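**Student:** Below is the sequence, then the predicted model.
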Amino acid sequence: MDTREDPVAGNPQTAARLSFERLSFSRQFLLGSAVVVLVGMAVVGTWLSSEIERSTVNRAAAVAAVYVESILAAQLRPEPGMGLDVSETHALLDRIFVDGPLRRKVVRFKLWDRDGVIRYSSDHGQLGRRFPVDGLLAAAFAGTVQARISDLDEADNPAEREHWQQLLEVLVPVRVGNGSEVGAVAEFYHSTENLARDIASAQQRSWWLVAVTTFAIFLLLRGLVRRADDTILVQQNDLRRQLHDLRAALDENERMRGQLGEAGARTTALNEQFLHRVAADLHDGPAQALAFALMRFDESADACAGCERLQGEAARDMEKVNIRRALRSSLEDVRNIAAGLGLPGITELSLADTARRAVRDFERQAALPVPTEIDGSLIDAPLAIKITVYRLIQESLTNSRRHAPGGTPQVRLQRENGQVRVEIADQGAGFDPAAAARSGRLGLAFMHERIRLLGGTFAVDSAPGRGTCIRAHLPLSAIEVPHV
């Protein structure tokens, strides 16, 4: 049982990230867009709700301020440099804000002087109390109407907190005479019941509008992404099909390459078998016939010592010598050809020994020593590789002897990156490989084709006046074909 802890299972963030990355591009985009659109909807909706509330409060405050200011303007006329005196209008203000019709809308009314003293209040218990002039009160004394939905958490609101949780608070500056100087501030509180209902209704409509608009935008984005995703899917399917076709073509090429290598190895082995058969036929046929003819010639020559047609002992002996020489020369040629065609015993030889045998066979025939550098670790190799190495050395040394009789050829055989590297070089006159190919010479072409069929490489480095180097690389893992 595997007790190792899964790092993904132990890390929810990693698991979520991997799950997100497994989604298609279109789904990732839609999820991201949904998050962005929802956040945008929340931000816009919140801002719009706040603006609606502020606008509604300001509008209600402006209407109430105009109404209340018109009433106060008729009752209060503070003079410049004079304090605010409401003793004469106290009863009149009570009739308006305590007993009059405004009591249902204005639940509390206060009149402040510049020292922060409440000169009048519909709650008579607050008359004459002093509070700091700050916040909205200070802004109102600066000459601007102030309004807000108050939570009644200020020091001058204990009585209001006993009856209400929130009220619309409006502060209206009362100006001195006909000038711009503010002599007092009228503060009154409205019930927020109707106002809150209007604000909630407007906010609800705005949220519906934002939600519908956001959903429409999301649907539009989804449609655009869906079209792009369909195009991407079509292209992905085309790429998969092309990749499948490419893989099939590569597999077919690999299969054909294997078949080509197998065919090359089989061709090499079959050619060797054919050469063995030709060698056997030459040895058992013409060579035997020539040997028998030569033997019979010797016997008949002795029997015809007194033949009258031969005039003179010297002429007869000369004729016998010439015929015998010709027959022996033909027999030697046939035997040499037979020996060169077949490679008996090569199956049991290592690759290094095969190369050494090719060099020894050449040295015996040409009576010419050949320096060698052969890696003794080259032991195992397929039969086709050993045959090709032997033929390459044999053909190259023969060509060197024929075209560079004054030079001494050298043979190198080394292991290199899983291959065997064969080099045959001489310091002869050299030649132009391109001109040799155009001339129709078959030796180099046959060597190149034989090596290519086995998956190797063949190169000739030569030029007039600087010798020749034949270089070949052959794999040590070519397809093996039994030598029959």
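**Tutor:** All right, it came through fine.

**Student:** elements contacting the helix or strand harbouring Ala216?
**Tutor:** Element membership of Ala216 [criterion: DSSP states H and E] is helix 193-284. Applying 3 or more C-beta pairs under 8 Å, 6 or more residues apart in numbering; DSSP states H and E, we find helix 193-284 packed against helix 25-75, helix 313-341, helix 383-403, helix 442-453. Backbone N, C-alpha and C define where each C-beta goes, glycine included.

**Student:** so how far is stretch 46-60 from its chain's centroid?
**Tutor:** 53 Å (C-alpha atoms, centre = their mean, to the nearest Å).

**Student:** Tell me the buried residues in it?
**Tutor:** When burial is assessed from 16 or more other C-beta atoms under 10 Å, stretch 46-60 yields the following buried residues: 48-49, 52-53, 56-58, 60.

**Student:** cool, and stretch 355-371?
**Tutor:** Neighbour counts over stretch 355-371 (16+ other C-beta under 10 Å) mark 355-359, 361-362, 370 as buried.

**Student:** Quick one: those residues as TSV, columns for distance to Gln203 too.
**Tutor:** Below are the buried residues of stretch 355-371 laid out as TSV (distance: C-beta to C-beta, whole Å):
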residue	distance to Gln203
Ala355	98
Arg356	102
Arg357	104
Ala358	102
Val359	104
Asp361	107
Phe362	107
Val370	105
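
**Student:** Could you list which of the residues you listed belong to helices?
**Tutor:** The helices, defined by DSSP state H, take in 355-359, 361-362 from those.

**Student:** which residue sits closest to Ala404 in space, ignoring its chain neighbours?
**Tutor:** Counting by C-beta to C-beta, 6 or more residues apart in numbering, Ala404 lies nearest to Gly428, which is 2.2 Å off, once chain neighbours are set aside.

**Student:** packing partners for the helix or strand containing Leu137?
**Tutor:** Element membership for Leu137 (DSSP H and E) is helix 135-141. Packing contacts for helix 135-141, counted by 3+ C-beta pairs under 8 Å, 6+ apart, involve strand 146-150, strand 167-175, strand 182-191.

**Student:** export those to a markdown table and tack on distance to Arg161?
**Tutor:** A markdown table is the format used below for these (distance: least, C-beta to C-beta, whole Å):
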| stretch | distance to Arg161 |
| --- | --- |
| strand 146-150 | 10 |
| strand 167-175 | 10 |
| strand 182-191 | 11 |
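
**Student:** Among those, which comes closest to Arg205?
**Tutor:** Proximity to Arg205, assessed across the helices and strands packed on helix 135-141 by C-beta to C-beta, is greatest for strand 146-150 (19.5 Å).

**Student:** ok, Phe188 - contacts?
**Tutor:** Contact analysis of Phe188 by C-beta atoms under 8 Å, 6 or more residues apart in numbering lists 64, 68, 97, 106, 108-110, 170, 172.

**Student:** tell me the domain ranges of the protein?
**Tutor:** Following automatic domain parsing, one finds the domains of the chain at 285-342, 347-484.
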